[in-house]
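Asker: test case, fold it:
(chains A and B)
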Amino acid sequence: GENVEQHPSTLSVQEGDSAVIKCTYSDSASNYFPWYKQELGKRPQLIIDIRSNVGEKKDQRIAVTLNKTAKHFSLHITETQPEDSAVYFCAASGDYGQNFVFGPGTRLSVLP
Amino acid sequence: GAGVSQSPSNKVTEKGKDVELRCDPISGHTALYWYRQSLGQGLEFLIYFQGNSAPDKSGLPSDRFSAERTGGSVSTLTIQRTQQEDSAVYLCASIFIAGAYNEQFFGPGTRLTVL
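Answerer: Model prediction:
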């Protein structure tokens, strides 16, 4: 089955700096790669996602890149703000929501 | 429209008792996942329902755990003879399978405490 690894497990950055979180997956059949943000005591919420036929996607300060050959994808947050502090989960799944596997999460702290 | 709802929001029970957790997915969503999240930890997959297909139960940690999805909508997760290590937040998520972007919409979770 699918296995998703995520690094780093914790990340601290100064406000205004960039943050990068990296994930690798094992199943070449995975085609959908979302990123979720979970604030303390709240439910995970989707922040950005990408499919395997796209190499990069950007939405304001966040971007995701995908290297399907190497089976890795990354989340990039620029101009970080304190409200970006949260746990971020990457995930991989098949075309129809099956084998939806989450990474272990990255705790991001943005220091003022 | 209404999102995914879960009930109860909190449940405190004594060791050895059975509990039922309920998930109401978004109407029209054909797929549903249950996860367990211990404090400060990641999302542990429990079970997956997709349409009328047999559920993927590979994540259930023991035979004390079971789940049903009736009529392709509401789902209940049952834990029998609860143990202290069952204490966690139980999250469900539903998906509208579009064949392209299959976003999971999470419910608010049920916080289970086993004394």
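Asker: what residues does chain A have near chain B?
Answerer: By the rule CB under 8 Å from any CB of the partner chain, the part of chain A lying against chain B is A:1, A:32, A:34, A:36, A:43-46, A:49, A:51, A:89, A:93, A:95-98, A:100-105. No exception for glycine: its C-beta is placed from N, CA and C like everyone else's.
Asker: apply 7 Å and report the result again.
Answerer: Listed as neighbours of chain B in chain A under the rule CB under 7 Å from any CB of the partner chain: A:32, A:34, A:43-44, A:46, A:49, A:51, A:89, A:93, A:95-98, A:100, A:102, A:104-105.
Asker: which of those residues count as buried?
Answerer: A:32, A:34, A:43-44, A:49, A:51, A:89, A:93, A:95-98, A:100, A:102, A:104-105 (16 or more other CB atoms under 10 Å in any protein chain shown).
Asker: list just the nearest of these to residue B:25.
Answerer: residue A:97 (12.3 Å; CB to CB).
Asker: the closest one reaches residue B:31, doesn't it?
Answerer: Yes - the pair residue A:97 / residue B:31 is scored as a contact, 4.5 Å apart, by CB atoms under 7 Å.
Asker: quick check: neighbours shared by the two?
Answerer: B:50, B:95, B:97 (CB atoms under 7 Å, 6 or more residues apart in numbering or on different chains).
Asker: okay, those in CSV with pLDDT next?
Answerer: Converted to CSV, these look like this (pLDDT from 0 to 100):
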residue, pLDDT
B:50, 89
B:95, 88
B:97, 75
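Asker: drop anything exposed from these.
Answerer: The neighbour-count test (16+ other CB under 10 Å) marks B:50, B:95 as buried among the shared contacts of residue A:97 and residue B:31.
Asker: I'd like the shared contacts of residue A:97 and residue B:31 as TSV, with secondary structure and distance to residue B:110 appended.
Answerer: Formatted as TSV, the shared contacts of residue A:97 and residue B:31 follow (DSSP: H, G, I helix; E, B strand; the rest coil; distance: CB to CB, whole Å):
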residue	secondary structure	distance to residue B:110
B:50	strand	22
B:95	strand	19
B:97	coil	25
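Asker: and residue B:22, what element?
Answerer: Assigned by DSSP states H and E, residue B:22 falls within strand B:19-24.
Asker: contact partners for residue 85?
Answerer: Using chain A here. By CB under 7 Å, 6+ apart, the contact set of residue A:85 is A:108, A:109, A:110.
Asker: out of the shared contacts of residue A:97 and residue B:31, which touch chain A?
Answerer: Within the set of the shared contacts of residue A:97 and residue B:31, contact with chain A (CB under 7 Å from any CB) is found for B:50, B:95, B:97.
Asker: reformat those residues as CSV; add distance to residue B:80.
Answerer: Listed next are these as CSV, based on distance: CB to CB, whole Å:
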residue, distance to residue B:80
B:50, 25
B:95, 28
B:97, 31
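Asker: residues near residue B:58, how many?
Answerer: Using other CB atoms under 10 Å in any protein chain shown, residue B:58 has 10 other residues around it.
Asker: need the three-state assignment for it.
Answerer: Classification of residue B:58 using DSSP: H, G, I helix; E, B strand; the rest coil returns coil.
Asker: residues from chain B in reach of chain A?
Answerer: Looking at chain A, the residues of chain B close enough under CB under 7 Å from any CB are B:31, B:33, B:42-43, B:50, B:91, B:95, B:97, B:99-104, B:106-109.
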